[in-house]
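Student: Predicted coordinates and the sequence they were generated for:
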Amino acid sequence: MYYETALGEKFNSPRGILVKDEDMYDWIIAQGDTPCAMSVYTYRDSDVEIMNEETPANWFNQYSIPWVPIDIDNHIDNSDEQILLNLRFVITKLESAGLNEHNYKIYFSGRGFHLLIHKDCFGFEDGIENLPYIVKQSVTNMATKLGFINLIDEAVYMRTALLRCPYSLNPKVNLYKIPVSRDEVMYENLNFIRFLAQTQRLDYNWLDYYNGNKQLASYVVTEIPKIPIFTTYNEPINNYACIYKMFNQGPIEGTRNNTILVLASHLMRMGIPSDLAKQLMLIWNNNSLKEQMVIERVEQVYKKKYKYGCKNKLMRQNCSTRCIHYQKHKLYDEAPSIDDIINLAKQRDFIKELKEGIDLGRTVGAPDFIVTRGEILTLIGVTKAGKSTLMKNFILGVDFRNNDNFIERNRRRTLYYTAEQSADYFILVCAQILEGCTRGYAFEHKNELLDKWYHVLSNIMPIDIMPDMKELREQINTYNPELIVLDTLDHFCDNPYNEHLGIKQTMIELQKITAETGVIVYIVSQPRRLDSIENDIKLFSGKGSGSIENQSRKVLGLSAPNENGIRKFLFLANSYGSLPNHTYNIVMQDNMRFKLVGEE
């Protein structure tokens, strides 16, 4: 059997080195203090020759998983001590399910912990089809039922996943990944474990044997859907919210016939061939109605060209205020009553929206500055202050306080309109920021970086031609973004004769779009010339003021850099929360990430 291995701090220089399982220990020791990683899955000897002709991204022949990892790290921003408490909780839960010390190994990775469970505890057999899918679903099922799903990182079950090698150095903390015993993690503190990790701990006293006896087999998911899910992505739940909901909930007695008409009408209007529409509706029907009846209803729709709109009873019953076609006053045949408004307010989960909002304040440690759906945020900054780069840092989730971490909750499916960079160069700069490397390194390794960070970059659609309002609405329907960035407002306004009037009209129209669709809009704006010359950014500095501060729920400011490269980053307005009263000093580094260097 072979493991894939990788070298370098980012585990990508190079990647795809195949090492035989019995040679792994010697290979790791031979790397010295060079950071190295190994694959979660192993590969057959007979596949090596073919694999060497492909990149790791195209390896779909994972054969075995000797140890099933549980990654307990700081991906959810816990304190170091809390990570240790989380590990203890997981161990307690696993032992309550029948495991003992002979069934798992524990490693301290320098920052978090890897708990490796022997594959025989699950009963995973070698060579089974779709192994990564089965492993992920099984561990997720187990962690959910045992109550620790929120404490672990599920990304380690991807077919291309890598883990830091035992005994290798973690250069971020200058500590080694070392084995630790159950007693050490249950009864010692983290400082003691860190002390042990100052060396490789090659003399660790392992138990005599490790095995498994299918103690966790009841959690194994053996049924694979016809179309399994291998990666995470966002469903188009808000494109046509009522249609999505009716498809998902299946046939409901009493409304089945009418629902078929509505759904088939939607398929027809989307240009779906009638034969395919029949197949989809039969799948939806799930033998609830007679097959002939379903087919006849679909044919009836296609023959008579039935069309249904938002006022249809079924569509109104399944409506969502987050639908991109939602318009408050068009949902009602008559003017809405206060009861209608109260019912809408009852249906809306404001607490959940706040929890799911974009916590921009957290980038610099400022409290209570969270952007929620339907809000407009404007960044006002002088020319060459780095506004566009700052926006990229925002959408990628860069943590200005700790540049080694990302605030992943701040990432959204984004439409980014930029008139200053081509779309392909924009994406490469994003990859550079994600990698944390210099521009030269990004240029030299662009293909590698674009593949490595595809899972983040694929949620960003840069468009280097500014749309008009009609085109913007159409593209919202096409891409279903959660976030739109307009960089800059000057390029977006379409009134060449009166700039201030153009900004006013644009801001009002954008406010309508956010209210109808729930999309968040970030705007990049230049300040007035006098404020730009004086490098003095205030709430009323934006061009077209007060249109910007009136329509924007949140406003940020960015000054030009001083002789030391330090920029002042300010919170200027926050309609629905407290306003941080500090001025934050930030610098742009060679890797294009912004870093917090002080407060005033």
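Tutor: Received, thanks.
Student: In contact with K214, which residues?
Tutor: Listed by C-beta atoms under 8 Å, 6 or more residues apart in numbering, the contact set of K214 reads D120, C121, F122, G123. Using the backbone N, CA and C atoms, a C-beta is placed for each residue, glycine as well.
Student: Out of the residues you listed, flag the one nearest to Y187.
Tutor: C121 (23.9 Å; C-beta to C-beta).
Student: who are the neighbours in contact with the closest one?
Tutor: When contacts are counted by C-beta under 8 Å, 6+ apart, C121 touches V68, L99, N103, Y104, G212, N213, K214, Q215, L216.
Student: Considering the residues you listed, which possesses the most neighbours?
Tutor: Comparing the contacts of C121 by number of neighbours (other C-beta atoms under 10 Å), L216 comes first, having 26 neighbours.
Student: with the contacts of C121 in mind, which one is nearest to H491?
Tutor: V68 (51.3 Å).
Student: Mind exporting the C-alpha coordinates of the helix or strand that contains that closest one to PDB?
Tutor: According to DSSP states H and E, V68 maps onto strand 67-72. What follows is strand 67-72, C-alpha atoms only, in PDB (Å, rounded to 0.1, in the frame of the first residue of the first chain):
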ATOM      1  CA  TRP A  67      -7.100   4.900  10.600                       C
ATOM      2  CA  VAL A  68     -10.200   7.100  10.600                       C
ATOM      3  CA  PRO A  69      -9.200  10.600  11.800                       C
ATOM      4  CA  ILE A  70     -11.200  12.900  14.100                       C
ATOM      5  CA  ASP A  71      -9.700  16.400  13.700                       C
ATOM      6  CA  ILE A  72     -10.300  18.600  16.700                       C
END
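Student: Contacts for the next helix or strand after it, please.
Tutor: Next helix or strand after strand 67-72 toward the C-terminus (DSSP H and E): helix 80-96. Residues from elsewhere that reach helix 80-96 (C-beta under 8 Å, 6+ apart): 70, 72-74, 78, 104, 106, 111-113, 115, 117, 146-148, 151-152, 182, 185-186, 189-190, 193.
Student: With pLDDT and secondary structure as added columns, please give the contacts of K214 in a markdown table.
Tutor: Formatted as a markdown table, those follow (pLDDT from 0 to 100; DSSP: H, G, I helix; E, B strand; the rest coil):
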| residue | pLDDT | secondary structure |
| --- | --- | --- |
| D120 | 97 | helix |
| C121 | 97 | helix |
| F122 | 97 | coil |
| G123 | 96 | coil |
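Student: any idea which of these is the one closest to M391?
Tutor: Nearest to M391 out of the contacts of K214 is F122 (C-beta to C-beta; 44.6 Å).
Student: Compute the number of surrounding residues for that closest one.
Tutor: The number of residues packed near F122 is 23, by other C-beta under 10 Å.
Student: What distance do you get for it to G212?
Tutor: Applying C-beta to C-beta, to the nearest Å, the value for F122 to G212 is 7 Å.
Student: Output the longest helix along the chain as PDB, restricted to C-alpha atoms.
Tutor: Across the chain, the longest stretch assigned as helix under DSSP state H is helix 499-517. Below are the C-alpha coordinates for helix 499-517, written out as PDB (Å, rounded to 0.1, in the frame of the first residue of the first chain):
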ATOM      1  CA  GLU A 499     -22.600  62.500 -11.000                       C
ATOM      2  CA  HIS A 500     -24.400  63.200  -7.700                       C
ATOM      3  CA  LEU A 501     -27.800  62.600  -9.100                       C
ATOM      4  CA  GLY A 502     -26.500  59.400 -10.700                       C
ATOM      5  CA  ILE A 503     -25.200  58.200  -7.300                       C
ATOM      6  CA  LYS A 504     -28.500  59.100  -5.600                       C
ATOM      7  CA  GLN A 505     -30.500  57.100  -8.200                       C
ATOM      8  CA  THR A 506     -28.200  54.200  -8.000                       C
ATOM      9  CA  MET A 507     -28.300  54.000  -4.200                       C
ATOM     10  CA  ILE A 508     -32.100  54.100  -4.100                       C
ATOM     11  CA  GLU A 509     -32.300  51.400  -6.800                       C
ATOM     12  CA  LEU A 510     -29.800  49.200  -4.900                       C
ATOM     13  CA  GLN A 511     -31.800  49.600  -1.700                       C
ATOM     14  CA  LYS A 512     -34.800  48.300  -3.600                       C
ATOM     15  CA  ILE A 513     -32.900  45.300  -4.900                       C
ATOM     16  CA  THR A 514     -31.600  44.400  -1.400                       C
ATOM     17  CA  ALA A 515     -35.100  44.700   0.100                       C
ATOM     18  CA  GLU A 516     -36.600  42.400  -2.600                       C
ATOM     19  CA  THR A 517     -33.800  39.800  -2.800                       C
END
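Student: For the helix or strand just after that helix, name the packing helices and strands.
Tutor: Once helix 499-517 ends, the next helix or strand along the chain (criterion: DSSP H and E) is strand 520-525. If you count contacts as 3 or more C-beta pairs under 8 Å, 6 or more residues apart in numbering; DSSP states H and E, strand 520-525 packs onto strand 376-381, helix 387-396, strand 483-487, helix 489-492, helix 499-517.
Student: Dump these to CSV, plus distance to G309.
Tutor: Compiled in CSV, these are given as follows (distance: least, C-beta to C-beta, whole Å):
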stretch, distance to G309
strand 376-381, 29
helix 387-396, 35
strand 483-487, 26
helix 489-492, 31
helix 499-517, 16
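Student: per the record, what domains does this protein have?
Tutor: Domain ranges of the chain: 2-219, 241-347, 363-599, per automatic domain parsing.
Student: can I get those in TSV with distance to E353?
Tutor: Formatted as TSV, the domains of the chain follow (distance: least, C-beta to C-beta, whole Å):
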stretch	distance to E353
domain 2-219	20
domain 241-347	10
domain 363-599	5
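Student: Most tightly packed of those?
Tutor: Ranked by mean neighbour count, the domains of the chain are led by domain 363-599 with a mean of 18 (mean count of other C-beta atoms under 10 Å).
Student: Would you mind measuring the gap between the ends of that one?
Tutor: 13 Å (C-alpha to C-alpha, to the nearest Å).
Student: G381 and R553, how far apart?
Tutor: From G381 to R553 the distance is 18 Å (C-beta to C-beta).
Student: so what's W67 up against?
Tutor: K105, L116, I117, H118, K119.
Student: Just give me the closest of these to M592.
Tutor: L116 (36.4 Å).
Student: Break down the stretch 51-200 of the chain into its strands, ranges please.
Tutor: For the stretch 51-200 of the chain, applying DSSP state E, counting those that start in this stretch gives strands covering 67-72, 104-108, 113-118, 162-164, 169-170, 175-176, 178-180.
Student: Dump the ones you listed to TSV, plus distance to A197.
Tutor: Formatted as TSV, the strands of the stretch 51-200 of the chain follow (distance: least, C-beta to C-beta, whole Å):
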stretch	distance to A197
strand 67-72	16
strand 104-108	6
strand 113-118	11
strand 162-164	12
strand 169-170	8
strand 175-176	4
strand 178-180	5
